[in-house]
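Q: Curious how this folds, go ahead:
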Amino acid sequence: MFLMYVDESGDCGINQSPTQYFILTGIVVHELRWRSSLERLIDFRQSMNSDYGLKLREEIHAVRFINRRPGDLKRILKHKRLSIIRRFIEVLSQIDDISIINVVVDKQPKQPAYDVFECAWKALIQRFENTIRYRNFPGPANADERGILFPDRTDDKKLTQLLRKMRRYNPVPNQAHIGSGYRDLTLQTVIEDPNFRFSQHSYFIQAADVVAYCLLQQLKPNSYMLKNSGTAIFNLLDPRLCRVASHSDPQGIVRL
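A: Here you go, the predicted structure:
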């Protein structure tokens with residue numbers, strides 16, 4: 001069984017939205033490597049506690065770390081909070097048993113009727129499905145693998161309905177060399193409804209949040225990240241990126 005923990009960066013709005021991009025990031029780990037991967041994240045959090053005073057129960061939420069008033073975290077200087085984010089990414093890049101899928105929606109050229117949420121989630125779920133089906137994830141490979149979603153709290157009802165629909169009807173455009181038209185590729189490997197999590201209770205969800213934020217800063221950085229070399233942090237993840245998710249992008253990023 002493969003588990004995919006998902007969080008987002010940006011918002012789904014098109015009209016008068018403050019962000020040009022909406023990003024979904026999925027951190028994928030096999031059930032047999034879940035415990036060892038979690039231990040690596042716990043070790044990282046313990047080192048952040050000793051080095052910066054970040055408590056294990058305190059959530060790493062990238063936007064709050066960098067953009068917004070950090071609340072109790074103001075006791076940790078901003079440049080140190082950026083160091084925590086960078087070190088989080090470095091640790092993720094060293095965990096051989098995880099794989100990271102990223103979907104980016106550029107909202108600027110989209111029409112008002114374009115459903116950012118649905119299109120982004122369909123793309124992410126389809127890549128998760130395909131990568132399991134073709135046995136392209138690292139780690140153990142059982143004869144008949146399945147996958148399950150663990151998203152941060154989002155539009156829970158809409159996502160649940162979308163996943164159920166994709167099991168019954170899932171039209172996917174043909175590739176250019178095949179010709180126009182669609183194939184009905186209903187989901188076969190992704191099982192159950194999404195199992196929603198609160199990010200403050202999941203280090204994996206927090207990892208997805210930080211990755212999505214760093215990708216956003218690569219695409220459209222804020223002034224602080226631009227000044228402090230934050231735009232390059234995402235590239236540290238190169239060994240863990242799921243390149244088969246998109247053969248047209250060198251980092252496997254699915255761009256919509």
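
Q: Export stretch 62-69 to CSV, keeping only CA atoms.
A: C-alpha atoms of stretch 62-69 as CSV (Å, rounded to 0.1, in the frame of the first residue of the first chain):
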residue,chain,number,x,y,z
ALA,A,62,5.7,27.7,5.7
VAL,A,63,3.5,30.7,5.0
ARG,A,64,3.2,31.5,8.7
PHE,A,65,7.0,30.9,9.1
ILE,A,66,7.9,33.5,6.4
ASN,A,67,4.9,35.7,5.3
ARG,A,68,2.6,36.2,8.2
ARG,A,69,2.9,37.1,11.8
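
Q: Residues contacting it, please?
A: Defining contact as CB atoms under 8 Å, 6 or more residues apart in numbering, one finds that stretch 62-69 is touched by 9, 70-71, 73, 78, 81-82, 84-85, 209-210, 212-214, 222, 224-225, 230. Where C-beta positions appear, they are placed from N, C-alpha and C, glycine not excepted.

Q: Of the residues you listed, select the buried ones using a ChimeraX command.
A: Of the contacts of stretch 62-69, the buried ones go into a single ChimeraX selection, burial set by 16 or more other CB atoms under 10 Å:
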select :9,73,81,82,84,85,209,210,212,213,214,225,230
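
Q: So residue 3, which state does it fall into?
A: With DSSP: H, G, I helix; E, B strand; the rest coil as the basis, residue 3 sits in strand.

Q: Now do the same contact list for it.
A: Taking CB under 8 Å, 6+ apart as the criterion, residue 3 is in contact with 28-31, 34, 147-148, 150, 204.

Q: Likewise for residue 98?
A: By CB under 8 Å, 6+ apart, residue 98 lies in contact with 27-29, 33, 37, 92, 138, 240.

Q: Alpha carbons of the lengthiest helix in the chain, in CSV - could you do that?
A: Longest among the helix segments of the chain by residue count, using DSSP state H, is helix 31-52. Extracted in CSV, the C-alpha atoms of helix 31-52 (Å, rounded to 0.1, in the frame of the first residue of the first chain):
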residue,chain,number,x,y,z
GLU,A,31,3.4,1.3,4.1
LEU,A,32,6.5,-0.9,4.8
ARG,A,33,8.7,2.2,4.8
TRP,A,34,6.3,4.5,6.7
ARG,A,35,7.8,3.9,10.1
SER,A,36,11.4,4.4,9.1
SER,A,37,10.4,7.6,7.1
LEU,A,38,8.5,8.9,10.1
GLU,A,39,11.5,8.3,12.4
ARG,A,40,13.6,10.4,10.1
LEU,A,41,11.1,13.3,10.4
ILE,A,42,11.0,12.9,14.2
ASP,A,43,14.8,13.0,14.3
PHE,A,44,14.7,16.2,12.3
ARG,A,45,12.1,17.7,14.6
GLN,A,46,14.2,16.8,17.6
SER,A,47,17.2,18.5,16.1
MET,A,48,15.1,21.6,15.4
ASN,A,49,14.1,21.6,19.0
SER,A,50,17.7,21.5,20.2
ASP,A,51,19.1,23.9,17.6
TYR,A,52,16.3,26.5,17.4
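
Q: next SSE after it?
A: helix 62-66 (DSSP states H and E).

Q: Could I get the average pLDDT for that following helix?
A: If you average the pLDDT over helix 62-66, you get 93.

Q: in the stretch 151-256 of the chain, which ranges drop under the pLDDT threshold?
A: Scanning the stretch 151-256 of the chain for pLDDT under 70 picks out 175-179.

Q: Now residue 219: closest residue in space, sequence neighbours ignored.
A: Of all residues not flanking residue 219 in the chain, residue 21 sits nearest, at 5.5 Å (CB to CB, 6 or more residues apart in numbering).

Q: Pull the contacting residues for that neighbour.
A: 9-10, 104-107, 216, 219-220 are the contacts of residue 21 under CB under 8 Å, 6+ apart.

Q: again with residue 196
A: Here residue 196 is in contact with 150-154, 156 (CB under 8 Å, 6+ apart).

Q: from these, which is closest to residue 50?
A: Proximity of the contacts of residue 196 to residue 50 (CB to CB) peaks at residue 152, which lies at 27.4 Å.
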